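**Q** Next come a sequence and a model predicted from it.
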Amino acid sequence: MRKLHLEKKGLRGLVIAESFTQNSKKSILAGVVMRRDFVIDGFVFGEATLEGDDATETILSMYKKLNRPDISYLLISGIIISMYNIIDLKKISQSLDLPVIGVTYQDSKGIEEAIRHHFPDSYESKLKEYQELENRDKITLHTSYDIYIRKEGCTLSDVKHLLDELTLQGSFPEPLRVAQLLAKTLLFI
């Protein structure tokens, strides 16, 4: 596993966020390659099926399209995206040999009941995927906002250090804010 080299000013991450409407069949995923010093160094796009099972493969494909061996980590807004399309952080981290961090912004007691409700005839596989996710860790950023993360291939201390540096204000790390804006813009083109 590659280490997060937090001492490097030019440390690059692939940062992914999504956007969709309730009437959509697909969610737009926007990936931004951003250096630690906030220089944008590339873009990549993908789609995930609402209520589907393709988000993990889409993210792997987005990374491969870039052909960028200088990317040192992946940062993803949410682990359960596109209406219960569950991202397998462990698979992504192992496949790419990179640290992967998933960020959410609200505490939750879990979504088991919601999965059963939305998939009354086929909830078992989604529920199994969800239960295999690691527990979330709460981090209080230097901005005094709390966020919740899941991680693979890196330490909680390194994640906190990185996210503190990438967060200029509030609770949204700047690269995730840019990726979210891009995804939302593409949705309405």
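**A** Sure, I can see it.

**Q** For the rest of this, base every contact and every neighbour count on C-alpha atoms.
**A** Noted.

**Q** what's the longest helix in this structure?
**A** Longest among the helix segments of the chain by residue count, using DSSP state H, is helix 174-187.

**Q** How about residues contacting it?
**A** Identification of contacts with helix 174-187 by CA atoms under 8 Å, 6 or more residues apart in numbering yields 15-20, 28-32, 34, 38, 75-77, 166-168.

**Q** just stretch 44-53 next, same as before
**A** With contact meaning CA under 8 Å, 6+ apart, stretch 44-53 is reached by 24-32, 54-55, 58-59, 62-63, 65-66, 82-86.

**Q** Buried among those? Need that as a selection in ChimeraX.
**A** Only the buried members of these enter the following ChimeraX selection, criterion being 16 or more other CA atoms under 10 Å:
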select :26,27,28,29,30,31,32,54,55,58,59,62,63,66,82,83,84,85,86
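
**Q** and after the helix or strand where A30 lies, which helix or strand comes next?
**A** For A30, the host element (DSSP states H and E) is strand 26-35. Next in sequence after strand 26-35, counting helices and strands by DSSP H and E, comes strand 40-49.

**Q** okay, that next one in PDB with CA atoms only?
**A** Provided in PDB are the C-alpha atoms of strand 40-49 (Å, rounded to 0.1, in the frame of the first residue of the first chain):
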ATOM      1  CA  ILE A  40      -6.400  21.400 -10.400                       C
ATOM      2  CA  ASP A  41      -4.600  18.900 -12.500                       C
ATOM      3  CA  GLY A  42      -7.200  17.000 -14.400                       C
ATOM      4  CA  PHE A  43     -10.900  15.800 -14.700                       C
ATOM      5  CA  VAL A  44     -12.600  12.500 -15.400                       C
ATOM      6  CA  PHE A  45     -16.300  11.600 -15.500                       C
ATOM      7  CA  GLY A  46     -18.500   8.500 -15.000                       C
ATOM      8  CA  GLU A  47     -22.000   7.400 -14.300                       C
ATOM      9  CA  ALA A  48     -23.500   5.200 -11.700                       C
ATOM     10  CA  THR A  49     -27.000   3.600 -11.800                       C
END
